[in-house]
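Visitor: Sequence first, predicted model second:
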Amino acid sequence: MAKNLRVHELAKELGLTNKEAVDLCLNMGIDIKGHSSSIIEAQADRVRRRAEREGLVRNVQPEEVKPVKKAAVKKVAAKKEGDAESDEPKPAKKAAAKKAPAKKAAAKKVDDTASVVVEAKEIRETLAEVVATIVAGIRQALESTPPELAGDIVSTGLTLAGGGALLKGLDKKISEDLKLAVTVAQNPAQAVVEGAGKCLENPELYKNIIER
């Protein structure tokens, strides 16, 4: 069974600061609270690949940047504000205040007309990470499955259900990586709901499934 790995351990392995490792995990959609959180090996592999691809890996882990105390920040800000009030004349402040709305309006106009172009390569890379996580999860589940049930799965294969099964080529990718026969349910988007409905309509027949 795959072991869990703490984020700070992965950060040390990749030569990242704890903050860099936490930010990288969160940007990849991995739900963690901080550098002491644990992630599964499949998620750690995703982080390793992303760090290598973006050139973030270092030979030596750098020292953590110590956060500046709030009291010190407030003191510096107050000093700067006092210097500004003593050096700048009041009319200049009013002129700057009048220009501010115009700058905000210009920025808003730019934001309204801006567009984001996503290349096919970026989509493929993103989907590749998601698919790798799905395959790793299935493999981990099979490893913890009792031998007699695992034998049935090997002989009969897997059936994909849910909206994710509609991803083109997902069944072929899983079949190639796990060496199993994989098919897509006839109506994958509603298969789970329909199956749950049948269990509720026939509670005695599906008693063992419902209790689990």
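Guide: Thanks, I have the structure now.
Visitor: low pLDDT regions in the protein?
Guide: 1-2, 65-114, 209-212 (pLDDT under 70).
Visitor: Would you map out the domains in it?
Guide: According to automatic domain parsing, the chain comprises the domains 4-53, 70-113, 121-211.
Visitor: closest one to Glu63 among the ones you listed?
Guide: Among the domains of the chain, domain 4-53 comes nearest to Glu63, with 7.8 Å by CB to CB. Where you see a C-beta, it was placed from the backbone N, CA and C, and this is true even at glycine.
Visitor: follow-up on the earlier one: so which of the domains of the chain is nearest Asn59?
Guide: For the domains of the chain, proximity to Asn59 was assessed by CB to CB; domain 4-53 is nearest, at 5.9 Å.
Visitor: any idea which of the domains of the chain is most buried?
Guide: Ranked by mean neighbour count, these are led by domain 4-53 with a mean of 17 (mean count of other CB atoms under 10 Å).
Visitor: Start and end of that domain, how far apart?
Guide: Terminal residues of domain 4-53 lie 23 Å apart, using CA to CA, to the nearest Å.
Visitor: With distance to Pro62 as added columns, please give the domains of the chain in TSV.
Guide: Output for these, formatted as TSV (distance: least, CB to CB, whole Å):
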stretch	distance to Pro62
domain 4-53	6
domain 70-113	23
domain 121-211	26
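Visitor: Phi, psi for Val182 please.
Guide: Note on Val182: backbone dihedrals following degrees, to the nearest 10 are phi -130, psi 130.
Visitor: for it, what are its contacts?
Guide: Contacts here follow CB atoms under 8 Å, 6 or more residues apart in numbering; on that basis Val182 touches 157-160, 171-172, 174-175.
Visitor: now Leu26
Guide: By CB under 8 Å, 6+ apart, the residues touching Leu26 are Ile32.
Visitor: Heading C-terminal from the host helix or strand of it, find the next helix or strand.
Guide: Take DSSP states H and E as the rule and Leu26 turns out to sit in helix 18-27. Next in sequence after helix 18-27, counting helices and strands by DSSP H and E, comes strand 38-40.
Visitor: Name the residues that touch that next one?
Guide: Residues outside strand 38-40 that contact it (CB under 8 Å, 6+ apart): 2, 4-7, 10, 25, 30, 32, 47, 136, 140.
Visitor: helices or strands up against the helix or strand encompassing Gln43?
Guide: With elements taken from DSSP H and E, the one containing Gln43 is helix 41-53. Contacts defined by 3 or more CB pairs under 8 Å, 6 or more residues apart in numbering; DSSP states H and E place helix 41-53 against strand 4-6, helix 7-14, helix 18-27, helix 120-143.
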